[in-house]
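In: When you get a sec, could you give me coordinates for this:
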Amino acid sequence: MQSSGVPPFDADGADFIPARPATVLLRDFIELSELFESSLADELGVNPTDLQVMEHLLMSGPLAPTELARRVGLSAGATTTSVDRLVALDHVSREPHPNDRRGILVAPRRASRDKAMGRLIPMIMGIDAELDAFTPAEQDVITRYLRQVSESLRRHAHSGSSDSE
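Out: Down below sits the predicted model:
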């Protein structure tokens, strides 16, 4: 009988041990990513939700509050509360929307962006530089594996939401 690659585990999952080192390393990577984000949030003086809001603004630039709420998955009220906290900490500002007289955009402030990017860029560049130790063919395999892992996580992340509909 061929193994499915998934070791057996008891009902509470206490005896589950991933069978392969790559799976264990991915779990470590996820935990270290969360630790890095927690450290960055502490340095910026924000909570995890506000850091998510800031990350979207840093990656996309100024956004309308409704778009920000959609991207982060928050209600309009929760987004307003988060933006209010970030404005009070001088991390973001509210600016007039250039194409809508009544609208506003939430924009990251330069000093806050520079501080966050001062931590993010070296980390991202360090991770990217690790690929230099691999041949182009090996990099293709790594990329294919990570793409498949991402797709698997995406499917599992969305499978729970469709069960309740």
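In: Just list what the one helix or strand Leu146 maps to packs against, helices and strands only.
Out: If you go by DSSP states H and E, Leu146 is part of helix 136-163. If contacts are counted by 3 or more CB pairs under 8 Å, 6 or more residues apart in numbering; DSSP states H and E, helix 136-163 sits against no helix or strand. Where you see a C-beta, it was placed from the backbone N, CA and C, and this is true even at glycine.
In: Now do the helices in this protein.
Out: 21-44, 48-60, 65-72, 76-88, 110-129, 136-163 (DSSP state H).
In: still on that earlier bit, what about the helix holding Leu146, distance to the chain center?
Out: 15 Å (CA atoms, centre = their mean, to the nearest Å).
In: Equivalent analysis for stretch 122-140, please.
Out: Per CA atoms, centre = their mean, the centroid offset for stretch 122-140 relative to its chain is 20 Å.
In: how near is Pro62 to Arg101?
Out: Per CB to CB, to the nearest Å, Pro62 is found 16 Å from Arg101.
In: out of these two, which sits in the busier spot?
Out: Neighbour count, other CB atoms under 10 Å: between Pro62 and Arg101, Pro62 has more, with 18 against 7.
In: What are the phi and psi values at that one?
Out: phi -60, psi 140 (degrees, to the nearest 10).
In: Contact partners for it?
Out: Pro62 makes contact with Glu95, Leu105, Val106, Ala107, Pro108, according to CB atoms under 8 Å, 6 or more residues apart in numbering.
In: What of Val46?
Out: Met54, Arg85, Leu86, Leu89, His91.
In: of all the residues you listed, which comes closest to Glu138?
Out: Nearest to Glu138 among these, counting by CB to CB, is Met54 at 34.8 Å.
In: That closest one: what's its closest spatial neighbour, skipping adjacent residues?
Out: His91 (6.1 Å; CB to CB, 6 or more residues apart in numbering).
In: Tell me how many other residues surround that neighbour.
Out: 24.
In: just for this structure, where's the confidence low?
Out: For the chain, the stretches flagged by pLDDT under 70 are 1-18, 160-165.
In: residue nearest the centroid of it?
Out: Nearest to the geometric centre of the chain sits Gln52, at 7.1 Å (CA atoms, centre = their mean).
In: Touching, it and Leu68? I think so.
Out: No. Gln52 is beyond contact range of Leu68, at 9.8 Å (criterion: CB atoms under 8 Å).
In: Look up how far Pro98 lies from Thr80.
Out: 21 Å.
In: If we only consider the contacts of Pro62, which is nearest to Arg27?
Out: For the contacts of Pro62, the nearest to Arg27 is Pro108 (31.5 Å; CB to CB).
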